[in-house]
Structures are given as structure tokens and as C-alpha cells.
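1. 3D, please:
(chains A and B)
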Amino acid sequence: MAYTRKQNKGESPKLDMTPMIDVVFQLLIFFVVTLKQEDILSKLTAARPAPNTDERVKDQQQDLINVIVAPQGFVFNGRPMRLQELDKSIERLSGYSKTAMVIIKCTSDSPHGFLVQALDVCNKHGMTNLSIFSM
Amino acid sequence: MGKSHTEQCEIDMTPMIDVVFQLIIFFVVTMKMSQDSNMDIVLEDGQHGITLTSENMPPVTLEIEVDRRGRVSIHNATLSDSNLRDIMRARVNKYGNEFPVMIRADRRTQHEKVRKVMDICTASGVWKLSFVAIQEHKARGSK
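-> Coordinates of the predicted model:
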């Protein structure tokens, strides 16, 4: 059987790239638009002793720093204050001892944000011995 | 003049396509298709805490979410108190009571609601708890 072979010699077949580039750009734009940047998070660690250890801790430790977190703000050593004042007080005390135990007592109706603020202030001044109690 | 006007100048598309494909692969790999945490939770600012990275957040970390109304969830799946107690007990049995627990609570949540979660953790023997805060605002729409 005889057959003829058709070949176009010398002419290289060309692939049309335009549709592919179109699609690829569409995909790229989709991903750029849907990409969401996340907040950088931090963690503030504290001890949460069991409720019945409260009294024992008080007996053992002499240098205690008491911070009460109330719905209106903070109470430091019996004096109500705002975050800036608490910051200054903790800064002053951190100069004496960084290992002094800080007891953060939260009232049940205080917002959680205040507790985080108090923990953040303690972390700022390098206080490491933090405990959270609930009132 | 010896210039040939019939010869067309062609741009080589290969490197551009390579780069574009690399970008697409990058976006596909880094994209999170579904949100696995409760996005309604508004966190408090805390610039001075330890930055959360994948290195200091081992896979055993348990992240408990408490929303504004006090709904407790893990990966956005609501839990009852007894559910959480069971999960904590199972975790303590498996990893001991030193495994990291992080509480991701809304800044407006009343302490009472967070206390319930903390009490369950303490009752299981986990006394060291971490609270999640925002170190740096990057997301669009956050303050």
C-alpha cells in the first residue's frame, strides 16, 4: 500500500500562549484579592492556682503585689487607678524585685480585656510570677 | 539602509510564565480555604507578650475560644462544660498536665465566663494558662 506522508518541513508549530496567560493572570488576581493578612498574636502566660491554695500562698509569700481588676478599672494596693498609673506602679515595684508574686484578682463582672491589660503591663516590666484569682 | 522591516521581534514568554506559575503555587499553598477559628472574637492588645509563631505553638496546644456572650468553642465548634471537661481530661491523660493551653477570649467577655473555662482547666490539673492578645495589627479592618 502506498501512502503519502504530509509533512511541513522547516516550519515549527507555534503554540498560542495568549489564552493560557489570560487564565493565569485571572488566577493570580483572584489569589491576590482573597489573600488576607493576619494579625500578629502574642501570648501572656500566668498561673491559675486552684481556689483552695489562695490562703496558703498568702502565708508563704511576703512580697506580694495585689492588683484587683474591676469593671471600672484597676485597684492597686487598695487605690483605684487607671492603666497608665498601674503601669507606673508596677514599673516602680519591678525595680525592687522581678520575682515578686503578682496576684491579679478579677471580679466576676470585669471585662476580660482588663485582665489581659494587667498581664501585659506585668510582662512589660518583666514580672514573671503572675497568678490569677477570681473573686 | 540595510534594515529588514519584515522580520518581527518576538518576546520570549517562558521566564514570565515561570514566575507567574511560581506566584500561583505560592498563593495556593499559603491560602487558608476555611477559617478554623471564631472570627467574631475581638482580642485585647498585648504588645509585651511572647510572639506566637509556629515554633512556640506546638501541635498539642489547645486553643479554647470564649466569645463575647461566653460561648466556649475549640476550632469554632461549640462545647458544653462537660465536653470541655472530657477533652481536658483526655489531653491530660495523654500528654500530662504541662501541655500548653491558650485561652482566646473576647475583650468584652465578662471574667465570670472565662473563669468557668479556667476552673475546668485547673480541675484537670492544668494550672499554667496563656491568654491570646494582639501584638501587631495587620489584618484589614482591625484597628
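
2. could you identify the longest helix within the chain?
-> Went with chain A since none was named. helix A:18-34 (DSSP state H).

3. that answer is for a different chain, and I need it for chain B
-> Per DSSP H, chain B has its longest helix at helix B:14-30.

4. and the helix or strand just after that helix, does that touch chain A?
-> Next along the chain after helix B:14-30, taking DSSP states H and E as the criterion, comes strand B:50-51. Yes: using CB under 8 Å from any CB of the partner chain, a contact is recorded between strand B:50-51 and chain A, made by B:Ile50, B:Thr51. C-betas here are computed from N, CA, C, even on glycine.

5. which residue, other than its chain neighbours, is closest to the residue nearest to the spatial centre of chain B?
-> Against the mean C-alpha coordinate of chain B, by CA atoms, centre = their mean, the closest residue is B:Ser37 at 6.7 Å. Leaving aside its chain neighbours, B:Ser37 sits nearest to B:Asn76 (6.0 Å; criterion: CB to CB, 6 or more residues apart in numbering or on different chains).

6. and A:Ser42, by the same measure?
-> Leaving aside its chain neighbours, A:Ser42 sits nearest to B:Gly49 (3.3 Å; criterion: CB to CB, 6+ apart).

7. count the residues that sit near the residue nearest to B:Ile41 when sequence neighbours are not counted.
-> Leaving aside its chain neighbours, B:Ile41 sits nearest to B:Asp106 (4.7 Å; criterion: CB to CB, 6+ apart). For B:Asp106, the tally of surrounding residues (other CB atoms under 10 Å in any protein chain shown) stands at 24.

8. before we move on, back to that, I'd guessed the residue nearest to A:Ser42 sits against B:Ala133; true?
-> Yes: using CB atoms under 8 Å, B:Gly49 makes contact with B:Ala133 at a distance of 5.7 Å.

9. ok, these two, which is more surrounded?
-> Per other CB under 10 Å, whichever of B:Gly49 and B:Ala133 has more neighbours is B:Ala133, with 27 against 23.

10. quick one: which helix or strand includes that one?
-> strand B:128-136.

11. would you mark the buried spots in that strand?
-> Across strand B:128-136, burial judged by 16 or more other CB atoms under 10 Å in any protein chain shown covers B:Leu129, B:Ser130, B:Phe131, B:Val132, B:Ala133, B:Ile134, B:Gln135.

12. looking at chain A, which strand is longest?
-> Counting residues, the longest strand found in chain A (DSSP state E) is strand A:40-47.

13. who does it touch, helix- and strand-wise?
-> helix A:112-124, strand A:130-134, strand B:50-51, strand B:128-136 (3 or more CB pairs under 8 Å, 6 or more residues apart in numbering or on different chains; DSSP states H and E).

14. if I look at the residue nearest to A:Met127 when sequence neighbours are not counted, how far off is A:Arg48?
-> Ranked by CB to CB, 6+ apart and with sequence neighbours excluded, the top spatial neighbour of A:Met127 is A:Val102, at 5.2 Å. Going from A:Val102 to A:Arg48 by CB to CB, to the nearest Å gives 13 Å.

15. ditto for B:Glu44
-> For B:Glu44, the distance to A:Arg48 - CB to CB - is 18 Å.

16. where does chain A dip in pLDDT?
-> A:1-12, A:50-62 (pLDDT under 70).

17. could you do chain B as well?
-> B:1-8, B:32-35, B:140-143.

18. burial count for the closest residue to A:Phe25 other than its chain neighbours?
-> In space, and not counting its chain neighbours, A:Phe25 is closest to B:Val20: 7.4 Å by CB to CB, 6+ apart. Residues near B:Val20, counting by other CB under 10 Å, number 17.
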